[in-house]
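Asks: mind looking at a prediction? Sequence and model below.
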Amino acid sequence: MRPASESPSASAWLDRAVELAARGAFLVEPNPRVGALVVTRDGATFEGWHTGYGGPHAEVTALRAAGEAARGSTVVVTLEPCSTHGKTPACTDALIAAGVVRVMYACDDPYGPHRGRAAALLRNNGIEVVGPVAHSGARRLLARFEDHLHRARAFVTAKWAMSLDGKIATASGDSKWITSETARSLAHELRGHVDGIAVGVATVSADDPRLTARPPGPRNAHRIVFDRRLKTPSTWVGLVEPGPPVLLVHGPDASPSERARCEAAGASLLEIRARTDAEFVELALVALRARGIASLMVEGGGTLLGAFADARCIDRVAAFIAPRVVGGERALGAVGGQGAARVADGLVFDEGRFESIGNDVVYRGLVARGP
């Protein structure tokens, strides 16, 4: 009899777990995409995958689907279960409590201090552990997560809503509403899966945005304004109404009186010293991650999105496109900045897909990884 890790069933189970994990694309980053199966003694299977950053992990979703049937089962997962309490409770606790008898996983946790910890915990609680089991599909799923682990800055999603001709506002600055209510609902859902939602001070002054997820999602994102001279008005709804923490990212030229005004209004301040807009973005993202903000959704306007693009600090895009034409040479485009000198130098996305959202379309893609 061959070991379970070499059996045809194990290979098929892991193939299916990888298929499930792929459903988390564009939703879970910077977390890894993970899929899991609960296989009962009589061969019934229950499925789960990580559906959103900050939400339940794949193993927990599959265990919930199985309910009492999980007792005595085998759990198959693409990645070693998490063993510490982070944004969610440890998956090892859930597996032990569910009464599973065996856990099979494809890849070790790539984070050094956690690697192998789950296997030891499970074995110490009488659960058989099979892993890591070599599987190329599961290995590919981890690539972007490993990139994120090895760099210091926050993971960035660039989000905007534009007309068919690429405008985010008219020449007069009017921008409400380019896309439909259905599309805006999806945008709010995306807000609920990040640690921070960022705009530039011009957007705050023009639109008075709340920068909150409505209804709330699993994450309670910081509201972040990139505002070099601290000109965020005290009348901004983010400083007037209760809500998630407000963080103003500014430069050294902000006056003491403006600093005092913003702090008195309840904002936290983050000073960044940089020579260029691109450097300002890069250093700010490192500082934000050091503060625990590992994922950031940047919603504009075009000047801020352009600075992120020039700094090559965009990891994922969610571009909402409405079936309308705004026109106008002075109307505002989605991404400003210096831009690429050649078409070939622009940001390229892969694993992308277009989806219909009512009459609108959303394109979601991940920035192509380097060679």
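Replies: Arrived safely.
Asks: what about Arg16, how many residues nearby?
Replies: For Arg16, the neighbour count with other CB atoms under 10 Å is 16. To be clear about C-beta, it is placed using only N, CA and C from the backbone, and glycine gets the same treatment.
Asks: so it: helix, strand or coil?
Replies: helix (DSSP: H, G, I helix; E, B strand; the rest coil).
Asks: mind listing what it touches?
Replies: 35, 37, 45, 47 (CB atoms under 8 Å, 6 or more residues apart in numbering).
Asks: so of those, which ones are in helices?
Replies: In helices, judged by DSSP state H, none of the contacts of Arg16 are found.
Asks: farthest pair in these?
Replies: Gly35 and Thr45 (11.9 Å; CB to CB).
Asks: of these two, who's got more company?
Replies: Between Gly35 and Thr45, counting by other CB under 10 Å, Gly35 is the more crowded of the two (31 against 17).
Asks: can you tell me the strand partners of the strand or helix carrying Phe354 and which way each runs?
Replies: Using DSSP states H and E, Phe354 maps to strand 349-357. Strand 349-357 has its sheet partners listed here by DSSP bridges as strand 360-367 (antiparallel).
Asks: one step back: if we only consider the contacts of Arg16, which is nearest to Ala319?
Replies: Gly35 (26.9 Å).
Asks: now do the helices in this structure.
Replies: Using DSSP H, helices in the chain cover 8-21, 58-66, 91-98, 117-124, 136-141, 143-149, 181-191, 201-207, 237-240, 256-264, 277-290, 302-310.
Asks: who's in contact with the shortest one?
Replies: When contacts are defined by CB under 8 Å, 6+ apart, helix 237-240 is touched by residues 204, 208-211, 223, 225, 232-234, 246, 262, 265-267.
Asks: in it, which residues are buried?
Replies: Buried residues in helix 237-240, counting neighbours by 16 or more other CB atoms under 10 Å, are found at 237-239.
Asks: which one of those residues is nearest Thr84?
Replies: Gly238 (32.7 Å).
Asks: Ser234 against Ala260, yeah?
Replies: No. Look at Ser234 against Ala260 with CB atoms under 8 Å: they stay out of range, at 11.6 Å.
Asks: any stretches of this structure with poor pLDDT?
Replies: 1-8, 86-87, 370-371 (pLDDT under 70).
Asks: outline the domain layout of it.
Replies: Residue ranges for the domains of the chain, per automatic domain parsing: 4-148, 152-367.
Asks: endpoint to endpoint, the last one covers what distance?
Replies: By CA to CA, to the nearest Å, the extent of domain 152-367 from end to end equals 18 Å.
Asks: residues making contact with stretch 302-313?
Replies: Outside stretch 302-313, the residues touching it (CB under 8 Å, 6+ apart) are 153, 156, 158, 160, 168, 198-200, 202-203, 226, 277-282, 285, 298, 314, 332-339, 347.
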